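>>> what would the 3D arrangement of this be:
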Amino acid sequence: MGAHRESSSSNLESGYASGASSASSLPQIVLTKEHLKFLNSTLNNLEPMDILRWCKIAFPNLYQTTAFGVSGLVTLDMLSKLQTETPSAPSIDAIFLDTLYHFQETLDLVEKTKVRYPNVNLHVYKPEGCSTAAEFEAKHGKELWKTNPDLYDWVAKVEPAQRAYSDLSVAAVLTGRRRSQGAKRESLEIIEVDEAGLIKINPLASWSFKQVEDYIRENNVPYNELLDRGYKSVGDWHSTEPVKEGEDERAGRWKGQAKTECGIHNKRSKYAQFLYEAEQKRQQEELAAALKKVELKEGNAEEIAA
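Below is the predicted model of the structure:
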């Protein structure tokens, strides 16, 4: 793929330079709309392993983001095989967002995969300033996912993800999203570029749940024990349920709520607006507190004068 200076052409898709702030020797990645369309139409005809093989040489500072769901585990296994195939090629590190509310089965799976894939460097990010659920609740209150779901998504997932991308100078990420998962993912492309310029690659976009499950069984890939109990998509324990017959794969996530994504794959502008409104509220509360303090002070002064 080409790496060139941004021109004045109006059809340029936002680009992102891998390690732009710390490794200026790396090329800037710029994908035009036509180039992106061509890549997606071509990659749609390839198997996930071939897509991953291409990604490894096409994108600098490429990482895998994973919550150790079934798709992420397949990708992890494929990347491990590719590393054996070409040991001189750069390895792909993984990023795991530990919200502090994962099922114990998920955390056990993380340890199993570390043993199975010792060549994968795993970067774990938690909510800022918190190491345990108790610390999180002391800082943000109990059941924040109920009292303020947008704030919960921000502090538990979106902010840690953005911190990881910044710390690691991430240019592109591999995700486990698939069209067969339903909801907003039905029109998923292989390659997307978000409004911040982050390139997202969905190598298993065209696979069904059965294809993923078959791969896991046939290749003896470690998987979450909850899969055998009716769970098909596993997130936080407080917002995940088993899936019923005939339901979408992700129907067990946020059941009864008007949401299908945790925030990481939503438009960042939504969270920019959320932060703006939260800051406005904070400033109003500070102003109200200051005015009340002044009123109390004036009231005390009048009493003394009387």
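>>> can you give me the strands in the stretch 151-300 of the chain?
Taking DSSP state E, counting those that start in this stretch as the test, the strands found in the stretch 151-300 of the chain are 172-174, 191-193, 199-201.
>>> what helices or strands is the second one leaning on?
What it means is strand 191-193. Contacts defined by 3 or more CB pairs under 8 Å, 6 or more residues apart in numbering; DSSP states H and E place strand 191-193 against helix 33-43, strand 199-201. Glycine gets a C-beta too; all of them are placed from N, C-alpha and C.
>>> re the thing from before, turn the strands of the stretch 151-300 of the chain into TSV, including mean neighbour count and mean pLDDT.
Below are those laid out as TSV (neighbours: other CB atoms under 10 Å; pLDDT from 0 to 100):
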stretch	mean neighbour count	mean pLDDT
strand 172-174	25	95
strand 191-193	21	92
strand 199-201	23	94
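>>> let's have those in CSV, adding distance to N220.
CSV is the format used below for these (distance: least, CB to CB, whole Å):
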stretch, distance to N220
strand 172-174, 22
strand 191-193, 30
strand 199-201, 25
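>>> where does the prediction get shaky in this protein?
Scanning the chain for pLDDT under 70 picks out 1-28, 182-185, 244-280, 299, 301-303, 305-306.
>>> at which residues are the helices of it located?
33-43, 48-58, 70-85, 104-116, 133-140, 144-147, 149-153, 159-167, 209-218, 268-305 (DSSP state H).
>>> which one of those helices lies nearest to G176?
Proximity to G176 (CB to CB) singles out helix 70-85 among these, at 3.1 Å.
>>> chain center to the closest one, what's the gap?
18 Å (CA atoms, centre = their mean, to the nearest Å).
>>> coming back round to it: which among the helices of the chain is found nearest to S233?
helix 70-85 (8.3 Å).
>>> which strands and helices lie in contact with the closest one?
helix 48-58, strand 62-65, helix 209-218.
>>> please work out which of the ones you listed is packed deepest.
Most buried of the helices and strands packed on helix 70-85, by mean neighbour count (mean count of other CB atoms under 10 Å): strand 62-65, with a mean of 22.
>>> partners of it, with directions?
Within its sheet, strand 62-65 is paired with strand 94-97 (parallel), strand 172-174 (parallel), according to DSSP bridges.
>>> rebuild these as a markdown table, extending it with distance to D153.
Below are the strands paired with strand 62-65 laid out as a markdown table (distance: least, CB to CB, whole Å):
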| stretch | distance to D153 |
| --- | --- |
| strand 94-97 | 11 |
| strand 172-174 | 18 |
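>>> tell me which of the ones you listed lies nearest to L31.
Per CB to CB, nearest to L31 of the strands paired with strand 62-65: strand 172-174, 10.5 Å.
>>> tabulate the helices and strands packed on strand 191-193 in a markdown table, adding columns for distance to D50.
Formatted as a markdown table, those follow (distance: least, CB to CB, whole Å):
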| stretch | distance to D50 |
| --- | --- |
| helix 33-43 | 8 |
| strand 199-201 | 13 |
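>>> got the helices and strands packed on helix 70-85 as TSV, with distance to T106 columns?
TSV is the format used below for the helices and strands packed on helix 70-85 (distance: least, CB to CB, whole Å):
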stretch	distance to T106
helix 48-58	23
strand 62-65	15
helix 209-218	15
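>>> so for Q181, which of the ones you listed sits nearest?
Across those, the minimum distance to Q181, taken as CB to CB, is reached by helix 209-218, at 7.9 Å.
>>> check which helices and strands that closest one sits against.
helix 70-85.
>>> the helix it packs on to helix 104-116, inter-axis angle?
Angle of helix 70-85 versus helix 104-116, following axes from the mean of the first three to the mean of the last three CA atoms, to 10 degrees, is 10 degrees.
>>> so helix 70-85 versus helix 209-218, what angle?
50 degrees.
>>> could you list the buried residues of helix 70-85?
Neighbour counts over helix 70-85 (16 or more other CB atoms under 10 Å) mark 70-80, 82-83 as buried.
>>> specify the angle between that helix and helix 48-58 in degrees.
Using the same axes, to 10 degrees: helix 70-85 against helix 48-58 is 60 degrees.
>>> I'd like the numbering to begin with 819 instead of 1 from here.
With 819 as the first residue, the last one maps to helix 888-903.
>>> hmm, who's touching helix 888-903?
866-867, 870-871, 874, 882, 884, 907, 909-910, 912, 931, 935, 937-938, 992, 994-996, 1021-1022, 1025, 1027, 1030-1031, 1033-1034, 1037, 1039-1042, 1045, 1050 (CB atoms under 8 Å, 6 or more residues apart in numbering).
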